[in-house]
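Q: Pasting a predicted model and its sequence here:
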4 protein chains.
Amino acid sequence: MKAAHPWLRAHGARGDEDGWGQMDSYSPRTDLAIEAHEMARRRAQTVPGVEEETEALDGIRVSRVHVRDRQGEQALGKRAGRYVTIEVPGLRRRDPDLQQRVAEQFAKEFERLLNVPEQASVLVVGLGNQQVTPDALGPKVAQRMFVTRHLFQYFPDLLDEGYRTVAAVSPGVLGVTGVETTEVVKGIVEHVRPDLVVAIDALASRSLNRVNATIQISDTGIQPGAGVGNKRKALDEQTLGCKVLAVGVPTVVDAATIANDAMELILVKLKETVPGNGASQIFDHFSPQEKWQLIKEVLDPLGNNLMVTPKEIDEFIDDVAEVVARGLNLALHPSMTMEDASQLTH
Amino acid sequence: MKAAHPWLRAHGARGDEDGWGQMDSYSPRTDLAIEAHEMARRRAQTVPGVEEETEALDGIRVSRVHVRDRQGEQALGKRAGRYVTIEVPGLRRRDPDLQQRVAEQFAKEFERLLNVPEQASVLVVGLGNQQVTPDALGPKVAQRMFVTRHLFQYFPDLLDEGYRTVAAVSPGVLGVTGVETTEVVKGIVEHVRPDLVVAIDALASRSLNRVNATIQISDTGIQPGAGVGNKRKALDEQTLGCKVLAVGVPTVVDAATIANDAMELILVKLKETVPGNGASQIFDHFSPQEKWQLIKEVLDPLGNNLMVTPKEIDEFIDDVAEVVARGLNLALHPSMTMEDASQLTH
Amino acid sequence: MKAAHPWLRAHGARGDEDGWGQMDSYSPRTDLAIEAHEMARRRAQTVPGVEEETEALDGIRVSRVHVRDRQGEQALGKRAGRYVTIEVPGLRRRDPDLQQRVAEQFAKEFERLLNVPEQASVLVVGLGNQQVTPDALGPKVAQRMFVTRHLFQYFPDLLDEGYRTVAAVSPGVLGVTGVETTEVVKGIVEHVRPDLVVAIDALASRSLNRVNATIQISDTGIQPGAGVGNKRKALDEQTLGCKVLAVGVPTVVDAATIANDAMELILVKLKETVPGNGASQIFDHFSPQEKWQLIKEVLDPLGNNLMVTPKEIDEFIDDVAEVVARGLNLALHPSMTMEDASQLTH
Amino acid sequence: MKAAHPWLRAHGARGDEDGWGQMDSYSPRTDLAIEAHEMARRRAQTVPGVEEETEALDGIRVSRVHVRDRQGEQALGKRAGRYVTIEVPGLRRRDPDLQQRVAEQFAKEFERLLNVPEQASVLVVGLGNQQVTPDALGPKVAQRMFVTRHLFQYFPDLLDEGYRTVAAVSPGVLGVTGVETTEVVKGIVEHVRPDLVVAIDALASRSLNRVNATIQISDTGIQPGAGVGNKRKALDEQTLGCKVLAVGVPTVVDAATIANDAMELILVKLKETVPGNGASQIFDHFSPQEKWQLIKEVLDPLGNNLMVTPKEIDEFIDDVAEVVARGLNLALHPSMTMEDASQLTH
């Protein structure tokens, strides 16, 4: 009986680095600008360099965060630009009417950020690992795109008829391909030469009620470290040479966030209960490093790869991928109707 | 635009009861007798009515918990009987040699509890929902069984050759079939008339290091409330009229357990830090009801349906189902060799 | 190096009997009464004991074959009863409007055959092997049923509100479970005690244009040998003790049918070409046995398990399962609207 | 009720061209050089410019066809180069020992054609559509590759330890991405800059006994029109700028081939039966165009997209992908043992 390959034993079969990474303190992880803004506002009354407006529609809440400058960037840890968040608590209830309305609202918000000529060509990039349920959003949306790029040589009039040139690829993830996603995407971009890249990705949220119930659109591209896995290196105008819009849906919450929240909550309760200033100081005294140490103890030994999801994640991912794809198809092809979009998206 | 069906809005599309159930206090949920024993021993030095022995093999730890009587039942919250736990931290590393050895060890332990005549007929029942990754263990094992029942009429000599009569079904879950699992299984048992039922199920563990790295076998059948979903009503000798062995693998930890652990841990740290008896009493003063209330606040609004899993759950479930199925095929057919089992299991 | 298990080598890993079965002559296999009628009419001008009426709607053709008596049974090889066939060539084009209209038409035709009291309870049985794409129709429909049986104890008023008691199970196939499907279904029926069983199955058609474009409903139950696999023994009023409606969709054509058609066609062409009565007689002289022998030669060595399908079978099966499930949900619950059905079916 | 989008109605939802293409006569389609050689030898005693040698091992037959020159190219319709075919009728029986031996034999044959320096870097390209079972071979192999390219920056010594730099991508198919596969692959190749591309693809065979039981390796790259779908434009040294090895497994037979075979067979039988030269001439008189017309009549209306497969295709594809991936991992990494390969491939 031979022991396992020694190299594997050290590095894991896939050679992925899991575990805790280089972090030495903790702040709850979020890929949503709206949550970063919430956290910043908890620390300080006003957050200079950041603007936010909110609109409530029937069961749909649209928030538009504008990170205006370097100051805003630092406060939120998000690059300057526009972030639109569509929150729909009912999205998990599988109501087709609501799904339809969300797709339409998504299309509207997306078009506002779109800002490319009518005949612009588009490459949709579905990021993430198709084989890992909560990370499969990107590939699932890419598969549902109404692609037209290959049709224009046979039907050149399509452009005039209001269809844009759309292509859609799923580049895979580093652990499976051995190639940085950015490299793969660059290679394809250099051949396809789109005017716009739309990058779709699964996100992590800080709040459970946003999981599978929120869509974020931004005009800043995708920065390193975003998403469930490590999709190192940016996908943005600088790296790809064309405008990049990013679309994301939080599909998980880090288990560390749950542990952190539980600790915070009990400290708050203790402060309310225990009288006297001295005690209160004690409860405040945990340093970020100490807290991070405690979180690690709770989640040991599986570390950073733990996620919290609802049991029905498999179904939810399919539903939300359908909504995003329908909205994108609607937004990308000016002459497409909602009815066409339903037909052409699956 | 019509609103969603009102009944749905109230009850959820599947009619499942999710949310928090009837619990009004919290103790971390576990389906493993070994963990229930650990928790009981933390509360009291000795746990009367319960015996445990442990054996360490190369990378595999086997624990045998024997709940001897009513006293033991109450201390552990587990029915009297034998519970064998095979713990293999390395199982998540996908080492085929180790997988093979675990299958063999499983077969040995299973045979010890088997205790049926050589020509006994067996029905394997794969519990759980095939469409929900961490709940799909049972159906995935059932599909991999080497079934022979239908062959005996054509090849009656098989019995003499050391093959048992084996059948395998996956009855589905209440939320999808509309029928209590127990009813479906009873109906099939009355027609198939096996001497033994082997029930396979996904479990919840209290500890992250046991997820997808532990197999429990017991001779007590399956009791209400066990497993990830609610598979109400027991599957045991009393309800089915024949011996029932249960095989389970923890595939998730409740998110509530993580929240609870984080709270516990910070209270312990505070006790160490804050001097004086008075403070210490404060930290002990949280009642189970209060703690449960805090946990709910952390996990609100998604409630009880939240689970913590490693990202690679999809792969892990397939691997562990293969190991269990191989071990079962080996144990159920006396003349099957390990090599046959590898061939016949997929 | 050990050779494969000898028993396996003789019987195949699953122990299934594949190959050619007991047939010693060939007539193209069809599970559709409408095709059996077509073939009978080709042999004789009139087919006594059989009536057929046809209705053409916009893109949908409904045929109602009534096998009236023993004479009709023998002519068609189908049991006496009613067979409704809904043919929709456009169904493969994925047009949601058309899909919706087919679901509605299906519901209407199904209700005509339904003939049970308003408060009747129903068990939907999804026949076939979930793991084999063209055989997975039954389980895929069963999973999409709006099941209510488990809700009535909590919400007894549902009956008055126009919802029937519906349960849905997928019993698996003999080769995987080791148990005759009929036995499993009987066991469940005896516990669930429905007033009506609806059995869903994938069928084989004789004609390629009917594949994934046709739905058959009949009030005769399901007879041995129907469907893609061998689901031996009948599911009908006699075996189950309650009314049985069968719903089927042809998802494949036997490869033998293609081979047979090619031979027939070339013989027809030769007759037209070669002058003289003598030659014509020669072309007619192939006995059914001889023709069967030739077909076997063409398909050797994979035999009877060969099927002809369009490449996109995976997508088609999902679509048609959705249409059937939506139609069934609509038909089974009197107060359900088409809109509700869309919402509740997935 | 709005009708389907008119453009869709004309072109199909995916915009694929299906149907019959531009062919105006028929010769059975094969992607295997060994079959092309068989057919050529049936037409003429000797085939100049082509050499073939055969080796029979225990249950495995290896044939090596060498197309030497232009003359050979024309006779076979295959580009000049080497084609190795590994035929294993037992591969469909799921015998792990045999699978292991085939993986080893594959590795040996692959290494003979490999002919790159020990430190060469490799890009594996999995061609085909992941969502269409018989076309999914390429992506399934690519996912199972032991990729190392991303590890070399952390573990530069790997090269010395006998591991090559391997990356693996699945570029998708034109109908889903809107981009020619060749363009996607070129883009990635220009960034990854491998010394060798290994292209994996599902093939069509002319003979049923080769389906899922045969592996072809060639050093000619992949030419337009090969495989199940239309993967237009070549992947070879000329287009990619580096050596290209192609690996293929026939997973289907064209339905047209079955129809053609049936016609041929009956004509042969008639010749034997009908006396006289005149009749014999008649049976020979069908022109290729006429025969093609007859085949189309048989397969109408689904045309060229029809394939013949065994029912168990889903299982077979997974098994054969595992064998190919294991063999490739073994061949690409000089210091990998068979045992490592089993561990590292899933």
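A: Done, it's in. All of these numbers come straight from a predicted model, not from anything done at the bench.
Q: what about the helices in the stretch 101-250 of chain A?
A: For the stretch 101-250 of chain A, the helices defined by DSSP state H, counting those that start in this stretch occupy A:137-143, A:174-177, A:181-192, A:237-240.
Q: Out of those helices, the one nearest chain D is which?
A: Judged by C-beta to the nearest C-beta, the one of the helices of the stretch 101-250 of chain A that comes nearest to chain D is helix A:181-192, at 3.5 Å. Every residue, glycine included, has its C-beta placed from N, CA and C.
Q: Report the angle between that closest one and helix D:181-192.
A: 130 degrees (axes from the mean of the first three to the mean of the last three C-alpha atoms, to 10 degrees).
Q: Quick one: residues in contact with helix A:181-192.
A: A:121, A:123, A:125, A:127, A:149, A:167, A:169, A:171-174, A:177, A:197, A:231-235, A:239-242, D:169, D:179, D:183-184, D:186-192 (C-beta atoms under 8 Å, 6 or more residues apart in numbering or on different chains).
Q: Any of those residues buried? List them.
A: A:121, A:123, A:125, A:127, A:149, A:167, A:169, A:171-174, A:177, A:197, A:231, A:233-235, A:239-240, A:242, D:169, D:179, D:183-184, D:186-189, D:191-192 (16 or more other C-beta atoms under 10 Å in any protein chain shown).
Q: okay, and for the stretch 1-150 of chain A, where does confidence drop off?
A: Along the stretch 1-150 of chain A, segments meeting pLDDT under 70 span A:1-26.
Q: Residue of it closest to chain D, please.
A: residue A:147 (3.2 Å).
Q: Neighbours of that residue, how many?
A: Residue A:147 is flanked by 28 other residues according to other C-beta atoms under 10 Å in any protein chain shown.
Q: Per-residue pLDDT of the residue nearest to it when sequence neighbours are not counted, please?
A: Closest residue to residue A:147 apart from its sequence neighbours, by C-beta to C-beta, 6 or more residues apart in numbering or on different chains: residue D:178 at 3.2 Å. Note on residue D:178: pLDDT of 93.
Q: What of the one 3 residues further on?
A: Per-residue pLDDT puts residue D:181 at 93.
Q: Next: residue A:186.
A: Predicted confidence (pLDDT) for residue A:186: 96.
Q: so how far is chain B from it?
A: 26 Å (C-beta to the nearest C-beta, to the nearest Å).
Q: One more: residue A:292?
A: Counting by C-beta to the nearest C-beta, the gap from residue A:292 to chain B is 12 Å.
Q: ok, now residue A:190?
A: Separation of residue A:190 from chain B (C-beta to the nearest C-beta): 31 Å.
Q: what are the bridge partners for the closest residue to residue A:255 other than its chain neighbours, then?
A: Excluding the flanking residues, the one nearest residue A:255 by C-beta to C-beta, 6+ apart is residue A:306, at 3.7 Å. Beta bridges link residue A:306 to residue B:310 when assigned by DSSP bridges.
Q: which residues touch residue A:306?
A: A:254-256, A:299, B:208, B:308-311.
Q: now do residue A:214
A: A:32, A:85-88, A:205, A:249-250.
Q: Pick out whichever of these sits closest to residue D:264.
A: Set against residue D:264, the nearest of these by C-beta to C-beta is residue A:249 (55.7 Å).
Q: Okay, and the beta partners of that closest one?
A: Here residue A:249, judged by DSSP bridges, has bridge partners residue A:202.
Q: what's the burial count for it?
A: So residue A:249, with other C-beta under 10 Å, has 30 neighbours.
Q: With chain B as the reference, measure out to it.
A: Residue A:249 is 16 Å from chain B, by C-beta to the nearest C-beta.
Q: same thing with residue A:338?
A: 12 Å.
Q: And the helix or strand hosting residue A:268, what does it pack against?
A: Counting by DSSP states H and E, the element that carries residue A:268 is helix A:255-273. Counting contacts by 3 or more C-beta pairs under 8 Å, 6 or more residues apart in numbering or on different chains; DSSP states H and E, helix A:255-273 is packed against helix A:277-284, helix A:288-299, strand A:306-310, helix B:255-273, helix B:277-284, helix B:288-299.
Q: could you redo the last one with a cut-off of 7 Å?
A: helix A:277-284, helix A:288-299, strand A:306-310, helix B:255-273, helix B:288-299 (3 or more C-beta pairs under 7 Å, 6 or more residues apart in numbering or on different chains; DSSP states H and E).
Q: Next, the angle helix A:288-299 makes with the longest one.
A: Relative orientation of helix B:255-273 and helix A:288-299, computed by the same axes, to 10 degrees: 130 degrees.
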